[in-house]
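Chemist: Based on what follows, work out the 3D shape:
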Amino acid sequence: MFEETRNKLEEFEEDLDHRQKKLYSSFKFLIKLLLLSIPLYILLYIEWDPVMLRSFKASVVGQIVSFLGLEIEQYSTFVVTERFTLDVTRDSTAWKSMLAVAALVLATEFRWKKKIKGAVIGVVFVFVVNIIRISSMIFMVIVLGFSYEMVHTFLWRWGLTFFIFLYWYFWLIKERKS
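Modeler: Residues are numbered from 1 along each chain as shown. So this is what the prediction gives:
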């Protein structure tokens, strides 16, 4: 049955012109991306809360901010500064962004070895960028006097999305050349 379906799909693809092949390739990518988003919706549905990841990120951010010369205290998922207390919430861990970058990479038509390597590097990249995001937010608010809402909403919420697509774009270019 699977072999018959595969043969019919191959016949279908052979009959497509160049433009149709590009559209069909995009369609397959979107279907894969949709299927790869299922874990996100499951985790949202069960209201998953990665407390250990939250505490770890708060600890790392606390150490970085202390290294930058700011006095802070860190308790569990909280980073307490002289001006405000920051709770590293579930969304602040960037877990959705990590899933998104992995799904973007895995939905491509490269070999699995390349996709797995690209997804792992992408998740690490988002993890590190998110640590920088939280640390720089604290620094910009305390030292530079920026508004927390402005930095969080405009600079870093959209900035993290930008970095996800930037990573994926450069990963695609690199993999197409190799």
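
Chemist: show me where this protein has helices.
Modeler: 2-14, 18-36, 38-45, 51-67, 95-106, 112-142, 148-149, 158-177 (DSSP state H).

Chemist: Off-centre distance for the shortest one?
Modeler: Taking Cα atoms, centre = their mean, to the nearest Å, one finds the center of helix 148-149 at 21 Å from the center of the full chain.

Chemist: With the first one instead?
Modeler: For helix 2-14, the separation from the chain centroid amounts to 34 Å (computed by Cα atoms, centre = their mean).

Chemist: just the third one next, same as before
Modeler: Going by Cα atoms, centre = their mean, the spacing between the C-alpha centre of helix 38-45 and its chain's C-alpha centre is 15 Å.

Chemist: how many other residues sit next to Arg54?
Modeler: 21 (other Cβ atoms under 10 Å). All C-beta spots, glycine's among them, are computed from the backbone N, C-alpha and C.

Chemist: and if you look at Asp87?
Modeler: 13.

Chemist: partners of it in the sheet?
Modeler: Phe78 (DSSP bridges).

Chemist: From the centroid of this protein, which residue is nearest?
Modeler: Residue closest to the mean C-alpha point of the chain, counted by Cα atoms, centre = their mean, is Ser97 at 2.5 Å.

Chemist: wait, which of the helices of the chain is closest to Glu82?
Modeler: Nearest to Glu82 among the helices of the chain is helix 112-142 (6.9 Å), distances taken as Cβ to Cβ.

Chemist: Quick check: buried residues in that closest one?
Modeler: By neighbour count on 16 or more other Cβ atoms under 10 Å, the buried set for helix 112-142 is 115, 118-119, 122-123, 125-127, 129-131, 133-142.

Chemist: next one: stretch 101-113
Modeler: Val101, Ala102, Ala103, Leu104, Val105, Leu106, Ala107, Thr108, Phe110.

Chemist: ok now do the nearest residue to Ser59 once chain neighbours are set aside, which residues does it touch?
Modeler: Closest residue to Ser59 apart from its sequence neighbours, by Cβ to Cβ, 6 or more residues apart in numbering: Gln74 at 5.9 Å. For Gln74, the contact set (Cβ atoms under 8 Å, 6 or more residues apart in numbering) comprises Ala58, Ser59, Val61, Gly62, Val80.
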